[in-house]
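> Curious how this folds, go ahead:
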Amino acid sequence: MKWFLFCYWYEPDAPSDPVGLVRLWALARQLAEQGDSVTVFPPRYRSSLLQRGFSIAPIWLLPWPVLRPISYAILSFVVSFARACRSKPDVVYYRWMDSPHPLLFARLFGAQCICEVNGEPVPPWCARGLRSWMTHALATFALRRCDRVVVLTDGLRRLVQSQYGVQADRVVVLPSGSDTEVFRPREIHTCRKKEHLDPACQYIGFVGSFYRYQGLSTLLEAFARIHDRRPSTRLLMIGEGAEATALFEQATQRGLSSWITWAGRVEYTRVPIWIGAMNVCVAPFCGDRGETSPVKVFDYLACGKPVVASAIPSVTALFSRANGVVLVQPDQVDTLAEAVLDLLACPDEACRLGREGRAFVEQRFGWDAIVRTLRDLARQIVPHDHDRHRMMANK
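Residues are numbered from 1 along each chain as shown. Next up, the predicted model:
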């Protein structure tokens with residue numbers, strides 16, 4: 001099969017080269033490894049130019065926030081149109097965005113259209129008003145007309161059915177996963193040596209974007225309590241984002257700066273090394289995070305690390321202590337601190353959780369198995385099925 005993947009990713013406060021396209025890179029790479037032709041149309045970020053194993057058609061963006069999504073929609077349509085005139089795609093796969101141009105493109109060339117919804121189209125923290133109403137209306141229009149809607153959690157499945165009117169047989173849960181060859185257990189002291197970390201310390205770690213909904217302010221307050229009781233503990237913060245300045249200031253005010261390593265954004269191949277250096281990994285999502293797929297938790301577990309994570313619905317639907325994750329109430333500083341301290345004080349239990357988490361991801365959430373399911377899904381779509389679906393959506 002020939003796949004065209006559209007994957008715009010931008011938030012007004014995002015870094016210049018956001019990391020939100022990791023799942024699309026993994027899908028594209030695995031599709032290509034399983035014998036399909038894959039062309040990806042991403043914004044022209046640095047990470048886009050570094051991808052290998054499939055075709056990349058990077059799209060230039062105008063630098064102004066309002067014009068960025070418009071420029072992506074127009075230019076990606078033009079570039080994909082030119083490519084499709086030479087060789088038409090069988091499947092158009094796109095991650096939900098505020099523009100329906102991938103759906104229109106698929107209809108123009110008679111291709112199947114699969115939309116991935118990896119978070120709520122109108123997140124709960126967005127201000128209500130005309131823009132949110134228009135986004136909701138656009139999502140309703142587009143999602144009802146796609147051949148299939150791929151969601152990452154059961155909660156998202158229920159949401160697109162109830163709030164956007166998508167028929168149940170059109171929605172497929174295809175959770176995130178981890179590249180278990182890249183993200184694998186590593187010797188902890190070797191990892192610390194590579195990143196110049198003190199081998200005598202215990203390290204708590206976070207990997208991801210520094211956005212409000214990640215709960216990083218709560219993490220810093222919890223770390224203050226942890227460090228008071230275990231002074232040899234250090235915190236590793238891997239990533240960047242809009243909240244970085246506020247987090248730096250919070251750490252300075254709390255007198256924590258000397259005990260925190262701010263690694264910034266690191267190369268994808270180095271992320272498992274940083275995780276390998278950690279004793280405990282954390283995912284302290286805010287309680288109002290909304291529906292999303294906790295990608296970082298899969299990567300932590302694939303590296304054989306115990307995880308402390310907020311018990312938001314998208315996490316509790318997949319994880320428990322039985323597969324390596326200690327669940328805590330979100331936004332609770334003391335609860336988060338106590339859960340981490342318990343694991344630091346019981347290294348045997350932490351190692352056991354790490355082993356069980358690794359086995360869990362290997363068995364169910366490797367990218368090869370996920371992509372095989374996606375390819376089977378595409379084969380099952382009846383040719384011109386979208387015409388029948390369009391008529392149903394209009395009723």
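> Mind splitting this structure into its structural domains?
2-177+367-394, 188-364 (automatic domain parsing).
> Single out the most deeply packed of these.
Mean neighbour count, computed with mean count of other CB atoms under 10 Å, is highest for domain 188-364 among the domains of the chain, reaching a mean of 19. For every residue, glycine as well, the C-beta is placed using N, CA and C.
> helices and strands around the one helix or strand residue 93 maps to, which ones?
Following DSSP states H and E, the helix or strand that holds residue 93 is strand 91-95. If you count contacts as 3 or more CB pairs under 8 Å, 6 or more residues apart in numbering; DSSP states H and E, strand 91-95 packs onto strand 2-6, helix 101-109, strand 112-117.
> mind putting those in TSV, distance to residue 321 included?
Written out in TSV, the entries for those read as follows (distance: least, CB to CB, whole Å):
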stretch	distance to residue 321
strand 2-6	36
helix 101-109	40
strand 112-117	29
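> need the ones you listed in CSV with mean pLDDT, can you?
As requested, these are arranged in CSV below (pLDDT from 0 to 100):
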stretch, mean pLDDT
strand 2-6, 97
helix 101-109, 96
strand 112-117, 95
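> what's in contact with the helix or strand residue 338 falls within?
Under DSSP H and E, the secondary-structure element containing residue 338 is helix 333-345. Contacts of helix 333-345 from elsewhere in the structure, counted by CB atoms under 8 Å, 6 or more residues apart in numbering, are 202, 204, 218-219, 221-223, 225-226, 229-230, 233, 279-280, 282, 284, 306, 308, 326, 328-329, 349-350, 353.
> so who does the most centrally placed residue in the chain touch?
When the chain is reduced to its mean C-alpha position, the nearest residue by CA atoms, centre = their mean turns out to be residue 295, at 4.7 Å. Contacts of residue 295 were listed using CB under 8 Å, 6+ apart, and they are 22, 23, 176, 178.
> same thing with residue 277?
188, 191, 192, 195, 197, 203, 205, 236.
> Kindly provide the distance from it to residue 162.
Applying CB to CB, to the nearest Å, the value for residue 277 to residue 162 is 43 Å.
> Could you do residue 189 as well?
Taking CB to CB as the measure, residue 189 falls 50 Å from residue 162.
> likewise residue 332?
Relative to residue 162, residue 332 is positioned 29 Å away (criterion: CB to CB).
> Ok, residue 130 next?
For residue 130, the distance to residue 162 equals 23 Å [CB to CB].
> nearest residue to residue 175 other than its sequence neighbours?
Once its chain neighbours are removed from consideration, residue 175 has its nearest residue in residue 152; the separation is 5.5 Å (CB to CB, 6 or more residues apart in numbering).
> residues touching that neighbour, list them.
116, 117, 118, 173, 174, 175, 176, 292, 293, 314.
> likewise residue 284?
206, 214, 215, 216, 218, 219, 222, 308, 309, 310, 330, 336.
> so where's this structure shaky on pLDDT?
In the prediction, the chain carries residues with pLDDT under 70 at positions 10-20, 124-128, 382-395.
> Can you show me the CA trace of the one helix or strand residue 68 maps to as PDB?
Element membership of residue 68, judged by DSSP H and E, is helix 67-86. The C-alpha atoms that make up helix 67-86 are tabulated as PDB, following Å, rounded to 0.1, in the frame of the first residue of the first chain:
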ATOM      1  CA  LEU A  67      -0.500  32.100   9.500                       C
ATOM      2  CA  ARG A  68       1.400  29.000  10.400                       C
ATOM      3  CA  PRO A  69      -1.500  26.600  10.200                       C
ATOM      4  CA  ILE A  70      -2.900  28.200   7.100                       C
ATOM      5  CA  SER A  71       0.500  28.100   5.400                       C
ATOM      6  CA  TYR A  72       0.800  24.400   6.300                       C
ATOM      7  CA  ALA A  73      -2.700  23.600   5.000                       C
ATOM      8  CA  ILE A  74      -2.200  25.300   1.700                       C
ATOM      9  CA  LEU A  75       1.400  24.200   1.000                       C
ATOM     10  CA  SER A  76       1.000  20.600   2.100                       C
ATOM     11  CA  PHE A  77      -2.100  20.300  -0.100                       C
ATOM     12  CA  VAL A  78      -0.100  21.700  -3.100                       C
ATOM     13  CA  VAL A  79       2.900  19.500  -2.500                       C
ATOM     14  CA  SER A  80       0.900  16.300  -1.900                       C
ATOM     15  CA  PHE A  81      -1.300  17.100  -5.000                       C
ATOM     16  CA  ALA A  82       1.900  17.300  -7.100                       C
ATOM     17  CA  ARG A  83       3.100  14.000  -5.700                       C
ATOM     18  CA  ALA A  84      -0.300  12.300  -6.100                       C
ATOM     19  CA  CYS A  85      -0.400  13.300  -9.800                       C
ATOM     20  CA  ARG A  86       2.700  11.000 -10.300                       C
END
